[in-house]
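In: after the sequence you'll find the predicted model.
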Amino acid sequence: MPLITAIVVGPFAYQRWSEARRLEEIRQAKQQAAQIDATPLADFLKELEQTSPEKTLLVLYTGNTQAHLEPCGCFIGQSGGLPRRAAAVKRIREKGFDPLLVDLGGLLPSEASKMPESSFQEVALSNGADGTSPDSATRSLDRLRTQTALAAMEVMGYQAVVPSQAEANFGTSFVTDVLSNQSFPLLAANLEAAALTVQPFLLKTVGGKTVALIGLAGLEEKPTSPWKTESPFDALDHLLPQIQSRADFVVVLNNFSKERNREIARQYPNLSAILSDETGESEQVGNVLLAYSHSKGKTLGALTLSMGGGVPKASAQPIALTEE
């Protein structure tokens, strides 16, 4: 007869096993919650090894980072953070690529848009906050985070920032006195202001092929605003005839809504791509690629431009900024 062995588990041992199983289920649930739909950096670097730095134009971009300095959240596997972003940019450059590095706006904490503009002007620019306001500590922390983020962007070698309404909500002086005095220019073809140093576009040539990056700022024009904003369509109507003869690829950078960008893509079908600080998956409108960002600096966007059989090609993907 077969021998049947029975194992009797005491209450204490069963309790320990049950608790260990419960903790493992929690750990797995946290990891799944933390996962982000983006390409691991190691995989992206392998993709770069299959291409030539002399034949590929690369644009790295962030948007709607909200001055987040570290990975957002507390779960294992969270993506983001300035140190990881800097490390990713460095490793891409080590592959021989010389990418354009740009930000699409939304640099400031999202809480800024919920408060009156006047609440931020003193905090954003003054070093003499007296702490009498109940919100002064929070605002001072936001100011410090933003200053740290801007300093890190200079170290990483950002080449342009498209100003957005989020920055203006921190006080118009933040845009005119702080943002416009960084080492990287403000890119805004639809913005006119004597108090601002802005440029409409940026050109870069690699392997005889040139990309033009056109900035369109989503700043609101108010009676007290120190700038005038032009319709993005009027700005493009004026600028594109000058640029298209000089560039093989034309990419628009902005902080507009998805629907507004779809309108732009439909009206200007010869654009290569539109990059926005909105969150979402890439989409194609005719021949124009629309690519978006992940909020809070969770990813680093990568736009790849190349010529395939004489035909311009554009593709975009988010790179996960996780521990490796």
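Out: Nice, I can see it.
In: elements contacting the helix or strand harbouring residue 253?
Out: Taking DSSP states H and E as the criterion, residue 253 maps to strand 249-254. Other elements packing on strand 249-254 under the criterion 3 or more CB pairs under 8 Å, 6 or more residues apart in numbering; DSSP states H and E are strand 57-62, strand 209-216, helix 232-243, strand 273-279, strand 299-308, strand 311-320. Heads up, the C-betas are built off the backbone N, CA and C, glycines and all.
In: out of these, flag the one nearest residue 99.
Out: The closest of these to residue 99 is strand 57-62. By CB to CB, the value is 3.9 Å.
In: could you give the angle of the closest one to strand 249-254?
Out: Angle, strand 57-62 to strand 249-254, by axes from the mean of the first three to the mean of the last three CA atoms, to 10 degrees: 10 degrees.
In: pairing partners for strand 57-62, with directions?
Out: Next to strand 57-62 in the sheet, as set by DSSP bridges, lie strand 100-103 (parallel), strand 299-308 (antiparallel).
In: from those strands, which stretch is densest packed?
Out: Across these, averaging neighbours per residue (mean count of other CB atoms under 10 Å) puts strand 100-103 on top, at a mean of 24.
In: how far off centre is that one?
Out: In terms of CA atoms, centre = their mean, to the nearest Å, the centre of strand 100-103 is found 9 Å from the chain centre.
In: how about the helices of the stretch 51-200 of the chain, start to end?
Out: 82-94, 118-125, 136-156, 165-168, 172-173 (DSSP state H, counting those that start in this stretch).
In: which of these is buried the deepest?
Out: Scoring these by mean count of other CB under 10 Å, the most buried comes out as helix 165-168, with a mean of 23.
In: pLDDT (mean, whole number) over that helix?
Out: On average, the pLDDT along helix 165-168 is 86.
In: lowest mean pLDDT across the strands paired with strand 57-62, which one is that?
Out: Here the strands paired with strand 57-62 differ in mean pLDDT, and the lowest is strand 299-308 at a mean of 94.
In: CA atoms only: put that strand into CSV for me.
Out: C-alpha atoms of strand 299-308 as CSV (Å, rounded to 0.1, in the frame of the first residue of the first chain):
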residue,chain,number,x,y,z
THR,A,299,10.2,59.7,-18.3
LEU,A,300,12.6,61.3,-20.8
GLY,A,301,11.0,61.6,-24.2
ALA,A,302,13.1,60.7,-27.3
LEU,A,303,12.2,61.8,-30.8
THR,A,304,14.3,60.1,-33.5
LEU,A,305,14.5,61.7,-37.0
SER,A,306,16.1,60.0,-39.9
MET,A,307,15.9,59.7,-43.7
GLY,A,308,14.7,56.3,-45.0
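In: between the strands paired with strand 57-62, which one is nearest to residue 38?
Out: It's strand 299-308; of those, that one is closest to residue 38 (CB to CB) at 4.8 Å.
In: ok so, going back, could you tell me the least trusted of the helices of the stretch 51-200 of the chain?
Out: Lowest mean pLDDT of those: helix 118-125, a mean of 40.
In: show me what residue 39 is bridged to.
Out: Applying DSSP bridges, one finds that residue 39 bridges with residue 319.
In: correct me, but it touches residue 321?
Out: No. Contact between residue 39 and residue 321 fails when scored by CB atoms under 8 Å: they sit 10.8 Å apart.
In: so which of these two has more stuff around it?
Out: residue 321 (27 against 17; other CB atoms under 10 Å).
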